[in-house]
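*Asks:* this is the structure alone, sequence omitted:
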């Protein structure tokens, strides 16, 4: 009885969405709006923390680099490129989807909670592998680094708005995998949306510059999740820690670098760039 109740726990919420918001959820624009709103809410929260941290010791103690406050000039610059990318790339892509893509099919049955969670996990594992290879390639090939990826490394100390401080090519690459991976795994649309939100959440957390006790790398055991400390090391030592989420690919590839081994040197250049 309990497994049946566990696996059907999403059905009431799915029925409610069907009855009240079906036309909105079926719109090709909905995944884009969901992704953009999720990102803006998260970076707004972290940016407030960045502004308060220099005068609030209770916040600053969780910063990975408490002696490096985030300057307003950095906030405005990263916000400017984020706005540009959304207007020049994301908005036209959203309009194209709205014009050419058919409405999203919405099955009456919700996914079981097991399938929902396994679907998000599966998409995350595939995305992690794809981005590890993409990221490694763009650091090893100098032309790719200089042309596309170097813009993301203009900030040796990461903060949340650096998450999408990207070239258009990198933005499209990440968006493509996030969209395609649930299709490859034949995920329910609710699982697809859950993966999108989760992906944006952990990507922003990786760049936030904080080591909170409730962060993913502190919840996932055995050091399997890299998290913000390891990605902060990547921005300091760009030849290390290429995987966006999990740690196993960097372990296997010999590119893992623990933030506890030594203090990274600010602004260290990627030797391959």
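*Replies:* Looks like it came in fine. Nothing here was measured: the structure is a model prediction, and the numbers come from that model.

*Asks:* helices of the stretch 151-273 of the chain, start to end?
*Replies:* Along the stretch 151-273 of the chain, the stretches classed as helices by DSSP state H, counting those that start in this stretch are 168-184, 189-207, 216-219, 227-236, 248-253.

*Asks:* in a markdown table, list those along with distance to residue 48 and mean neighbour count.
*Replies:* Using the backbone N, CA and C atoms, a C-beta is placed for each residue, glycine as well. What follows is these, written out as a markdown table (distance: least, C-beta to C-beta, whole Å; neighbours: other C-beta atoms under 10 Å):
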| stretch | distance to residue 48 | mean neighbour count |
| --- | --- | --- |
| helix 168-184 | 24 | 17 |
| helix 189-207 | 14 | 21 |
| helix 216-219 | 21 | 16 |
| helix 227-236 | 17 | 24 |
| helix 248-253 | 32 | 16 |
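
*Asks:* which among those is found nearest to residue 59?
*Replies:* helix 227-236 (14.5 Å; C-beta to C-beta).

*Asks:* can you check what angle separates the closest one from helix 189-207?
*Replies:* Interaxial angle of helix 227-236 relative to helix 189-207 (axes from the mean of the first three to the mean of the last three C-alpha atoms, to 10 degrees): 60 degrees.

*Asks:* show me the contacts for the residue nearest the centre of the chain.
*Replies:* With distances taken as C-alpha atoms, centre = their mean, residue 203 lies nearest the centre of the chain, 2.3 Å away. Counting by C-beta atoms under 8 Å, 6 or more residues apart in numbering, residue 203 touches 163, 244.

*Asks:* what does the model give it for pLDDT?
*Replies:* For residue 203, the model assigns a pLDDT of 96.

*Asks:* next, format the helices of the stretch 151-273 of the chain as JSON lines and append distance to residue 98.
*Replies:* Shown next, in JSON lines, are the helices of the stretch 151-273 of the chain (distance: least, C-beta to C-beta, whole Å):
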{"stretch": "helix 168-184", "distance to residue 98": "15"}
{"stretch": "helix 189-207", "distance to residue 98": "17"}
{"stretch": "helix 216-219", "distance to residue 98": "33"}
{"stretch": "helix 227-236", "distance to residue 98": "34"}
{"stretch": "helix 248-253", "distance to residue 98": "36"}
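
*Asks:* figure out which of those is closest to residue 70.
*Replies:* helix 189-207 (11.7 Å).

*Asks:* pLDDT below threshold where in this protein?
*Replies:* The model of the chain has pLDDT under 70 over residues 1-7, 260-273.

*Asks:* okay, now residue 106: neighbour count?
*Replies:* For residue 106, the neighbour count with other C-beta atoms under 10 Å is 16.

*Asks:* gap between it and residue 19?
*Replies:* Residue 106 sits 11 Å away from residue 19 when distances are taken as C-beta to C-beta, to the nearest Å.

*Asks:* and what of residue 82?
*Replies:* Distance of residue 82 to residue 19, computed by C-beta to C-beta: 36 Å.

*Asks:* looking at those two now, which is surrounded by more residues?
*Replies:* The neighbour comparison of residue 82 against residue 19 (other C-beta under 10 Å) goes to residue 82, with 21 against 8.

*Asks:* quick one: residues contacting the more buried one.
*Replies:* 43, 161, 164, 165 are the contacts of residue 82 under C-beta under 8 Å, 6+ apart.
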